[in-house]
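Q: model this:
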Amino acid sequence: MLSEIEYPPAKNRSCEITSFQSLLRKNFEKLIEDPNFDVEPVFYLRDLHTKYVTHYIGPNYYGSDGQYDHLADKRIRELQKFWQLDRQIYLNGQHTATLEDPQQLADMIESFDRSIRNATEARIKASHIIETYEKSTQISENTFFALDAFTRSNGLLVISDGILELLEESGIPGEIAFSGLLAHEWWHQAQFEYNQQWKSDYINLENPELLRELEADFAAAYFLGHKRGATYNWKRIESFFDMSYSSGDCFTESPGHHGTPAQRLKAAQSGFELAYSEKKKGKPGKPLEIHTAFLESM
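A: Prediction:
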C-alpha cells in the first residue's frame, strides 16, 4: 500500500485498477481508520511477522483453518515431479493468528527485536502488545499483517492467509488462488537454480525483475494447464487468468511492480497456450525450454 502513495499510477488509461487492488486499498483503509492505528507499532508487527515466517522451521498449515493442507501436499508432489529441480523446497504458511498467540509473539520479539535482551523482556512486550490491541477489530486481524507471498534462494516459499482471503473475496476460487501462487513462487526457485545460465538473458532486457515475475506467471500457467501438471480444464484456467489479471497493478515506477493487469494476463495466456499445444507430447518441457519459450513470447 505504501507504493500507492510513493509511486502514482502510470498515466495510461488502459491500465485498470482491478477488484483485487481495490480490496487491498479498502483493507488498508480499514486499518488506518481504526482508533488504535499508529504507524510505528503497526509496521513493527508486520515487519516482525515477515522476519519470523522467513526463518521459521517447524510444523505448518496452509489457510486460516488448514483448509489447503491436502492441496499443498498434492501440488508440492506434482511440482517436484514436473520441474525436477535439484534443491530442497519448503513452504511456510503465514497467519494473522500467529500474532495473537502470546508465546509465538514473544518468540518473534526475542528473535528479531534487537532492543530486547532476553525471553522475560520479550514476554512482557508481547503481553503489552496483545493487551493494547485486545479491543481492536483490525490489529492484528487485518490482512495487512499476513499479506505475503514470496520466495527465497534457500528454497523457502511463503503463502499467507491474507492474500488468499482477498483473492477469494475478489472472486477467485481458493483452490485456484493457492495453486496459482504456489506454482508462481515455485518457478522463482527454477530461476534461482539456473541463475548463472539465465542472468544475461534478464540483464539484456529493460526491466529484469519485471520479466522474472512475468516469466513466473507464464510457467505457472504452463504447469497448471499441462496434462502432466495440475491438468486444469478450461473453466479452471479461466479463473487463473482472472487471478493473473486481478493481481496486476498500475504502479509501474514502484520497485515492487510485478506487471500491469494486461501484461500478467498475456504471460499466463501464453504459458497455457504452450501447454495446450503440447497435449500429445509426453513429458513437459525442461526449465530451459520454458525459459526460452517465454522470452520468445515477449
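Q: longest helix anywhere in this protein?
A: Taking DSSP state H as the criterion, the chain has its longest helix at helix 174-193.
Q: could you dump that helix to CSV, C-alpha only?
A: Extracted in CSV, the C-alpha atoms of helix 174-193 (Å, rounded to 0.1, in the frame of the first residue of the first chain):
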residue,chain,number,x,y,z
GLY,A,174,-9.5,-20.6,-3.1
GLU,A,175,-8.1,-23.7,-4.7
ILE,A,176,-7.1,-21.7,-7.8
ALA,A,177,-5.6,-18.9,-5.7
PHE,A,178,-3.5,-21.3,-3.6
SER,A,179,-2.3,-23.4,-6.6
GLY,A,180,-1.5,-20.4,-8.7
LEU,A,181,0.5,-18.7,-6.0
LEU,A,182,2.4,-21.9,-5.3
ALA,A,183,3.2,-22.6,-8.9
HIS,A,184,4.3,-18.9,-9.4
GLU,A,185,6.6,-18.9,-6.4
TRP,A,186,7.9,-22.4,-7.3
TRP,A,187,9.2,-21.1,-10.7
HIS,A,188,11.2,-18.5,-8.9
GLN,A,189,13.1,-21.5,-7.5
ALA,A,190,13.9,-22.6,-11.0
GLN,A,191,15.2,-19.1,-11.7
PHE,A,192,17.5,-19.3,-8.7
GLU,A,193,18.7,-22.7,-9.8
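Q: Would you mark the buried spots in that helix?
A: Within helix 174-193, the residues that count as buried by 16 or more other Cβ atoms under 10 Å are 175-193. (C-beta placed from N, C-alpha, C; glycine too.)
Q: before we move on, what about stretch 272-289?
A: Those would be 272, 273, 274, 275, 278, 284, 285, 287, for stretch 272-289 by 16+ other Cβ under 10 Å.
Q: Contacts only, for the residue nearest to the spatial centre of the chain.
A: The centroid of the chain falls nearest to residue 149 when counting by Cα atoms, centre = their mean (2.1 Å). Neighbouring residues of residue 149 by Cβ atoms under 8 Å, 6 or more residues apart in numbering: 158, 159, 160, 163, 181, 184, 185.
Q: quick one: contacts of the one helix or strand the second one maps to?
A: It stands for residue 159. Here residue 159 sits within strand 156-160, counting by DSSP states H and E. Residues outside strand 156-160 that contact it (Cβ under 8 Å, 6+ apart) are 53-54, 62, 89-95, 146-151, 178, 181-182, 185-186, 189.
Q: Could you list the buried residues of that strand?
A: Using 16+ other Cβ under 10 Å as the test for burial, strand 156-160 gives 156, 157, 158, 159, 160.
Q: Is the residue in the chain sticking out farthest from the centre within a helix or a strand, and which one?
A: Distance from the C-alpha centroid of the chain, by Cα atoms, centre = their mean, peaks at residue 120 (34.1 Å). Element membership for residue 120 (DSSP H and E) is helix 119-132.
Q: Next one: residue 35 relative to residue 223, how far apart?
A: According to Cβ to Cβ, to the nearest Å, residue 35 stands 45 Å off from residue 223.
Q: what about these two, which has more around it?
A: Neighbour tally, residue 35 and residue 223, criterion other Cβ atoms under 10 Å: the higher count belongs to residue 223, 30 against 8.
Q: wait, that one sits on residue 231?
A: No. The pair residue 223 / residue 231 is not scored as a contact, 10.0 Å apart, by Cβ atoms under 8 Å.
Q: Please enumerate the helices of this structure.
A: Under DSSP H, the chain gives helices at 2-6, 19-32, 39-55, 69-83, 102-112, 119-132, 161-169, 174-193, 195-203, 208-225, 234-247, 261-277, 287-297.
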